[in-house]
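Novice: have a look; sequence and predicted model below, questions after that.
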Amino acid sequence: MLKLRLKRCGRKQRAVYRIVAIDARSRREGRDLRKVGLYDPINNKTHLNVPAILNFIERGAQPTRTVYDILKKAGVFKDTRIPFVGTLV
């Protein structure tokens, strides 16, 4: 199963995260299939490749809770009805 999740980059205390499509069994810094976005929590900036993200979601990729919240805040789901399908713990 494919997941859309965060991959940590940057240096100590200055983390920047890439949003990547990756196999669910891979580790956090494992080999990704494609980079589809960038999230900078320090500067509160987000860069997304929306067509690629929607393409992966249509093919069955599941975003993690954090990625889902980032995408929802960016307005990716405003035209489509894609609910979060995961465990809410």
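Specialist: It's in. Numbering: from 1, shown residues only.
Novice: just the mean pLDDT for stretch 12-31, thanks.
Specialist: In this model, stretch 12-31 has a mean pLDDT of 88.
Novice: do the same with stretch 78-85
Specialist: 67.
Novice: do stretch 59-71 as well
Specialist: On average, stretch 59-71 scores 92.
Novice: equivalent analysis for stretch 39-47, please.
Specialist: 94.
Novice: I'd guess residue 69 is in a helix, am I close?
Specialist: Yes: under DSSP: H, G, I helix; E, B strand; the rest coil, residue 69 falls within a helix.
Novice: mind listing what residue 33 touches?
Specialist: Each residue near residue 33 by C-beta atoms under 8 Å, 6 or more residues apart in numbering is listed here: 2, 20-23. Just so you know, the C-beta spots here come from the backbone N, C-alpha and C atoms, and that holds for glycine as well.
Novice: just the buried subset of those residues, written out for ChimeraX, thanks.
Specialist: Only the buried entries of those go into this ChimeraX selection, using 16 or more other C-beta atoms under 10 Å:
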select :2,20,21,22
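Novice: adding secondary structure and distance to residue 30, write the contacts of residue 33 out as JSON lines.
Specialist: Shown next, in JSON lines, are those (DSSP: H, G, I helix; E, B strand; the rest coil; distance: C-beta to C-beta, whole Å):
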{"residue": "2", "secondary structure": "strand", "distance to residue 30": "13"}
{"residue": "20", "secondary structure": "strand", "distance to residue 30": "9"}
{"residue": "21", "secondary structure": "strand", "distance to residue 30": "12"}
{"residue": "22", "secondary structure": "strand", "distance to residue 30": "6"}
{"residue": "23", "secondary structure": "strand", "distance to residue 30": "8"}
